[in-house]
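Enquirer: Build me a structure from this.
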Amino acid sequence: MPIFMGLLSALCWGSTDFLAGHAARKLGVAKSLFYSQFFGFGLLTIIVFLFSEGLNFDVGILAYIICTAASLCNLLAMVFLLKALSIGKSSIVAPIASLYGAVTTILSLLSGKPLTVIVIISLFICVVGACLTSIPKSSDKNKETLEPIFFAFLSSLMFGIGFWLQGEYAVKDLGVLNALWVYYLTAIVILFLVLLKHSNLSVPPIKILSIVFSISFFSLIGFASLAYGASTGHVAIVTVLSSLASGVTALLGFFIRGERLSRIQIAGIITIIFGVMLLKA
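Expert: Numbers count the residues shown, from 1 in each chain. You can find the predicted model right below:
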């Protein structure tokens, strides 16, 4: 069961990143993100208030402040990720964005957790892979830029900070579902105000809405799979397998969009995935 849950999580999150890039190119980053988060918020609200005990207000205001700060970091990470996916190759962007695991590990080390040889080696492998992937493919017809890589790095940085805040503080007090609900609420409020300011709240076409809903659904299934798999006691196995999401996104970009990479970039992607898996092991 934990192996199946981990692979399901990787498949769902990898598909989410691939579809999110397509939606962002059609609607723009803010609009596609708003509607995907809106659908996710609706589904999660039903789960929280109908199938659980609802929000816990006995933990104090500080827990919600920290959770909101983590939510803001994760929202920025999503914005940077969608921006990168909308202008770059998903097969490059996704593995770089998956470096959030290295960022979270570094923050954990700085907060007092012991530094092991495996961690040092894993971080070094991730850095090497990121450097290799960042080398643009030389082509006179379609020369690549470093802009999507830059936004992917920003996404990994903000995800790392956000997940660290959630894991170390928010989730311990609020629980997984409540912390995720606060994130969705924070995201749709901020994105709504942004779209309202630019008078850009028109409902997308049905065809695009179906993609946006798919993004929300896959994202929630991926998160639920990870949480359920971890609850079986095999946290390491589930987490390592879920990190294959970047590989799923890369394969979808290769087979569906026909994205072509240089040998150096392919080596960098494989190196990053290996480094992230070793780090989470």
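
Enquirer: so where's the protein shaky on pLDDT?
Expert: 2, 51-57, 113, 115, 130-131, 133-144, 226-227, 229-243, 261, 279-281 (pLDDT under 70).

Enquirer: Run through the strands of it in chain order.
Expert: Counting by DSSP state E, the chain forms no strands at all.

Enquirer: ranges for the helices of the stretch 1-150 of the chain?
Expert: Counting by DSSP state H, counting those that start in this stretch, the stretch 1-150 of the chain has helices at residues 2-27, 29-50, 61-87, 90-97, 100-110, 117-133, 147-165.

Enquirer: Quick one: list the elements packing against the first one.
Expert: Using 3 or more Cβ pairs under 8 Å, 6 or more residues apart in numbering; DSSP states H and E as the contact criterion, the neighbours of helix 2-27 among helices and strands are helix 29-50, helix 61-87, helix 90-97, helix 206-231, helix 235-242, helix 245-255. The way it works is simple: take the backbone N, C-alpha and C, and place the C-beta from them, glycine included.

Enquirer: can you rerun that using 7 Å?
Expert: Counting contacts by 3 or more Cβ pairs under 7 Å, 6 or more residues apart in numbering; DSSP states H and E, helix 2-27 is packed against helix 61-87, helix 90-97, helix 206-231, helix 235-242, helix 245-255.

Enquirer: Just put those in a markdown table and tack on mean neighbour count and distance to Ile269.
Expert: A markdown table is the format used below for these (neighbours: other Cβ atoms under 10 Å; distance: least, Cβ to Cβ, whole Å):
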| stretch | mean neighbour count | distance to Ile269 |
| --- | --- | --- |
| helix 61-87 | 21 | 14 |
| helix 90-97 | 29 | 5 |
| helix 206-231 | 18 | 20 |
| helix 235-242 | 20 | 17 |
| helix 245-255 | 22 | 6 |
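
Enquirer: Go through these and name the closest to Gly162.
Expert: In terms of Cβ to Cβ, the element of the helices and strands packed on helix 2-27 nearest to Gly162 is helix 61-87, at 3.4 Å.

Enquirer: Could you check the angle that closest one makes with helix 2-27?
Expert: Orientation check (axes from the mean of the first three to the mean of the last three Cα atoms, to 10 degrees): helix 61-87 against helix 2-27 gives 60 degrees.

Enquirer: sorry, back to before: which stretch among the helices and strands packed on helix 2-27 comes nearest Phe4?
Expert: Short answer: helix 206-231, nearest of these by Cβ to Cβ, at 7.9 Å.

Enquirer: That closest one vs helix 245-255, what angle?
Expert: Going by the same axes, to 10 degrees, helix 206-231 makes 150 degrees with helix 245-255.

Enquirer: Could you check the angle helix 206-231 makes with helix 29-50?
Expert: 50 degrees.

Enquirer: give the contact list for Phe38.
Expert: By Cβ atoms under 7 Å, 6 or more residues apart in numbering, the contact list for Phe38 reads Ile188.

Enquirer: Now do it against Lys31, distance only.
Expert: 11 Å (Cβ to Cβ, to the nearest Å).

Enquirer: Ala187 is nearest to which of the helices and strands packed on helix 2-27?
Expert: Of all the helices and strands packed on helix 2-27, the one in closest proximity to Ala187, counting by Cβ to Cβ, is helix 61-87 (4.9 Å).

Enquirer: Just want the angle from that closest one to helix 147-165.
Expert: Going by the same axes, to 10 degrees, helix 61-87 makes 160 degrees with helix 147-165.

Enquirer: who does helix 61-87 touch, helix- and strand-wise?
Expert: helix 2-27, helix 29-50, helix 90-97, helix 147-165, helix 171-174, helix 176-197.

Enquirer: Good, wrapping up.
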